[in-house]
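Participant: 3D model of this:
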Amino acid sequence: MTTSRQPLDAFAIALMIMLCLLWGMQQVAVKVAAGGMLPVMQIGVRSLVAALCVYALIFVRGGTVSMRDGTFWPGMAVGLLFSLEFFCVAFGLQFTTASHMSVFLYTAPIFTVLGLHWIVPGERLKFSQWIGVLIAFAGIGVAFSNGFSEPSRDWVHVLIGDMLGVAGGALWAATTVLIRRSALSEAPPATTLLYQLGSSGILLIALAALMGQASSISMTGIVWTSLFFQSVIVAFISYLIWFWMLRKYLASRLSAFSFLTPMFGVAFGVLLLNDPLSMRFIVGAALVLIGVVMVNLRGR
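Facilitator: Residues are numbered from 1 along each chain as shown. Below is the predicted model of the structure:
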């Protein structure tokens, strides 16, 4: 619980860019496969499959998962927060646009640095770094502002969806803060990931079944490919790297890089789904990069 975290070095920055690229591509994968399996069910299945991969990794390494090392209850809480986050995203998209959801979900780094600033002394940011966070968030708003000018079906419904997006961002941040402040902070990354994926997989599949999504599944080649990418590449490998990095580097600096994820998501949408590319996105991406650099500046 007292291990100090490091500022980001070149290796950590390269890893975070790779992770953001994978996480951005995942959004396209979900959209492409939605015709064969609806999003809540997709996320539940990918989480459960990835949990089995993590358990197999622990078994091969000769490790065990103990319920007496202080990680059980924090692990259950992390799984619940993860499940609620993705439920907010999936349900909120029924009311608001994807552009709105992308903006409000990625308020998570703002909530993260606020929580860590007040709870963890070693995670406190300087004034210039706070300005960097604000610039990066402004970049997200500029990049996705096209969606704000589209005609609204019902402003009350849009408001509900936007609030669910903010709630999803807050839940994401709460997961990061809880891991940092609980026994999971020093637990092996595989243990933390197993709790998160196993709990959320079971909860989301059950929820999807209650919503009737289990009866509308068509396992096409696209669905199989998408699930493999989401389960093995993203939820297993990339999340394992993410939790390892949370143990080694300052969480507030890592979270700031998550601003890049929606940028990569839009870029892959342009390349793979022929989504339009606007000057607002280019300007917003530049602001995000400036903000990330400012947040990661080392000072006394």
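
Participant: In this structure Leu178 contacts Tyr195, no?
Facilitator: No: counting by Cβ atoms under 8 Å, Leu178 does not reach Tyr195; the two are 11.0 Å apart. (Glycine included, C-beta is placed from N, CA and C.)

Participant: which residue ends up closest to the midpoint of this structure in space?
Facilitator: Here the mean C-alpha position of the chain is nearest to the C-alpha of Trp172 (Cα atoms, centre = their mean), at a distance of 6.7 Å.

Participant: secondary structure element for the nearest residue to Ile233 once chain neighbours are set aside?
Facilitator: Once flanking residues are discounted, Ile233 sits nearest to Leu22: 6.4 Å by Cβ to Cβ, 6 or more residues apart in numbering. In this assignment (DSSP states H and E), Leu22 forms part of helix 10-33.

Participant: sorry, back to before: neighbour-wise, which of Leu178 and Tyr195 wins?
Facilitator: Counted by other Cβ atoms under 10 Å, Leu178 and Tyr195 do not tie: Tyr195 has more neighbours, with 26 against 17.

Participant: pLDDT of the very next helix or strand once past the helix holding Leu22, averaged?
Facilitator: Under the assignment DSSP H and E, the closest C-terminal helix or strand after helix 10-33 is helix 39-60. Helix 39-60 shows a mean pLDDT of 89.

Participant: Could you give me the buried positions within helix 39-60?
Facilitator: 39-55, 58 (16 or more other Cβ atoms under 10 Å).

Participant: could you pull out the helices for this structure?
Facilitator: In the chain, the helices defined using DSSP state H lie at 10-33, 39-60, 72-92, 98-105, 108-119, 127-143, 155-181, 189-210, 221-228, 239-248, 251-256, 260-273, 279-295.

Participant: quick one: contacts for the residue nearest to Trp23 when sequence neighbours are not counted?
Facilitator: In space, and not counting its chain neighbours, Trp23 is closest to Thr261: 4.6 Å by Cβ to Cβ, 6+ apart. Taking Cβ atoms under 8 Å, 6 or more residues apart in numbering as the criterion, Thr261 is in contact with 20, 23-24, 106.

Participant: next one: Ala90
Facilitator: 39-40, 43.

Participant: let's see it at 7 Å
Facilitator: By Cβ atoms under 7 Å, 6 or more residues apart in numbering, the residues touching Ala90 are 39-40.

Participant: that older thread, Ile241 versus the residue nearest to Ile233, what's the distance?
Facilitator: 10 Å (Cβ to Cβ, to the nearest Å).

Participant: The two: which has the busier surroundings?
Facilitator: Neighbour comparison, Leu22 and Ile241: the larger count goes to Leu22, with 20 against 17 (by other Cβ under 10 Å).

Participant: Who are the contact partners of the more buried one?
Facilitator: The contact partners of Leu22, by Cβ under 7 Å, 6+ apart, come to 233-234, 238.

Participant: can you rerun that using 10 Å?
Facilitator: Going by Cβ atoms under 10 Å, 6 or more residues apart in numbering, Leu22 touches 29, 229-230, 233-234, 237-239, 241, 261, 264.

Participant: Can you check what pLDDT the model gives it?
Facilitator: Turning to Leu22, the model gives it a pLDDT of 90.

Participant: Number of residues surrounding the residue nearest to Leu80 when sequence neighbours are not counted?
Facilitator: Computed as Cβ to Cβ, 6+ apart, the closest residue to Leu80 that is not its neighbour in sequence is Ser199, at 6.5 Å. The number of residues packed near Ser199 is 21, by other Cβ under 10 Å.

Participant: Tell me where the model's unsure across the stretch 1-150 of the chain.
Facilitator: Within the stretch 1-150 of the chain, the segments meeting pLDDT under 70 span 1-4, 63-69, 93-94, 97-100, 120-123, 144-150.

Participant: buried set for stretch 176-183?
Facilitator: Buried, per 16+ other Cβ under 10 Å, within stretch 176-183: 176-180, 182-183.
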